[in-house]
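> coordinates only, no sequence provided:
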């Protein structure tokens with residue numbers, strides 16, 4: 001068995017896809033088990049090649065329900081807690097970044113500013129495993145034809161500082177609607193009020209609020225068939241990258257050089273103000289994100305739609 005730890009969220013798992021596929025090719029005859037939160041199971045299915053999902057929701061001590069693996073691969077972090085969690089599975093080999101605190105003295109050095117996709121490909125390369133950083137595509141789920149061609153506005157995010165103001169999302173939604181887009185507003189169940197606020201300010205009907213009404217498989221299908229996505233730096237943006245859906249992604253303070261789509265993919269446009277990214281933010285939207293105005297987002301949306309029309313998948 002090859003046991004891989006990536007007990008995080010949607011974007012985290014999406015950026016580990018090239019590494020996971022590299023492991024699949026390197027060990028075609030061994031069971032590939034992924035330790036990740038149970039709710040990510042629909043996304044695991046869309047990646048393909050993973051034989052078993054081991055439900056792990058964090059880095060607390062865990063009584064592994066699997067036999068000792070041949071390889072344990074840390075695609076979660078630099079250690080020491082993640083290293084220790086995998087060591088508790090009693091693997092023959094631990095593939096991980098060097099971490100003296102965890103007693104793991106082999107492996108490459110961690111580089112803070114490295115892109116998340118490149119990070120895990122480099123880790124595997126150190127251990128002799130090849131992977132393709134461009135191999136980000138996911139299988140397309142079955143879709144509801146009534147939801148094809150929608151424009152998805154996703155105003156949520158894990159942290160307040162990474163959320164663009166609701167009034168600006170609403171202004172974008174309103175302008176896109178007036179231009180012929182069929183706009184829906186998505187989000188997690190906890191973001192339903194935010195999504196409702198955006199829809200109301202944009203003049204959209206309550207039926208346009210899909211926050212809390214889509215599971216992960218349904219969300220993936222929605223993005224796969226969408227006309228356009230407008231979102232802050234959060235997991236749904238990685239779904240747009242995986243499906244080649246035109247997207248406008250609003251970054252701040254985190255650099256897109258670490259979490260953004262590949263620069264050469266013209267269907268995806270990143271907006272951010274690098275010069276403001278190091279400013280401190282004690283409450284509300286981070287200055288690097290707040291500096292992005294509605295007109296810039298609308299202009300970027302027009303650009304990626306043109307690119308999406310002329311650029312093959």
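On my side now, so go ahead. What you see is a predicted model; the values in this text were computed from it and never measured.
> low-confidence ranges in this protein?
161, 275-279, 281-284, 308-313 (pLDDT under 70).
> scan it for its longest helix.
Ranked by residue count and defined by DSSP state H, the top helix of the chain is helix 294-310.
> just the strands in the chain please.
Using DSSP state E, the strands found in the chain span residues 2-5, 32-36, 52-55, 71-74, 93-95, 151-154, 183-185, 228-232, 247-250, 268-271.
> the fourth one: how far from the chain's middle?
The reference is to strand 71-74. 21 Å (CA atoms, centre = their mean, to the nearest Å).
> I'd like to know which elements it is packed against.
strand 2-5, helix 81-87, strand 93-95 (3 or more CB pairs under 8 Å, 6 or more residues apart in numbering; DSSP states H and E). (Glycine included, C-beta is placed from N, CA and C.)
> between these, which one is nearest to residue 64?
Checking the helices and strands packed on strand 71-74 against residue 64 by CB to CB gives strand 2-5 as the closest, at 7.9 Å.
> ok, back up a step: mind putting the helices and strands packed on strand 71-74 into a markdown table with mean neighbour count and distance to residue 110?
Putting the helices and strands packed on strand 71-74 into a markdown table (neighbours: other CB atoms under 10 Å; distance: least, CB to CB, whole Å) gives the following:
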| stretch | mean neighbour count | distance to residue 110 |
| --- | --- | --- |
| strand 2-5 | 24 | 15 |
| helix 81-87 | 22 | 12 |
| strand 93-95 | 19 | 14 |
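> of those, give the one that comes closest to residue 231.
strand 2-5 (27.0 Å).
> could you list every helix and strand in contact with that closest one?
helix 17-26, strand 32-36, strand 71-74, helix 81-87.
> which one of those lies nearest to residue 228?
helix 17-26 (22.8 Å).
> next, the angle from that closest one to strand 32-36.
Using axes from the mean of the first three to the mean of the last three CA atoms, to 10 degrees, the direction of helix 17-26 lies 150 degrees away from that of strand 32-36.
> which residue ranges of the stretch 101-250 of the chain form helices?
Applying DSSP state H, counting those that start in this stretch to the stretch 101-250 of the chain gives helices spanning 116-126, 166-178, 192-202, 216-224, 235-243.
> so which of those is nearest residue 100?
So among those, helix 116-126 is nearest, using CB to CB, at 16.6 Å.
> ok, residues contacting the closest one?
12, 15-16, 18-19, 22-23, 26, 73, 75, 95-97, 107-108, 111, 114, 130-133, 136, 258-259 (CB atoms under 8 Å, 6 or more residues apart in numbering).
> now the buried members of the residues you listed.
12, 15-16, 18-19, 22-23, 26, 73, 75, 95-97, 107, 131, 133, 136, 258-259 (16 or more other CB atoms under 10 Å).
> wait, isn't residue 168 in contact with residue 294?
Yes. Using CB atoms under 8 Å, residue 168 is in contact with residue 294, at 5.4 Å.
> which of these two has more neighbours?
Legend: neighbour count by other CB atoms under 10 Å for residue 168 and residue 294, higher for residue 168 (20 against 17).
> dump the residue contacts of the more buried one.
Per CB under 8 Å, 6+ apart, neighbours of residue 168: 293-294, 297.
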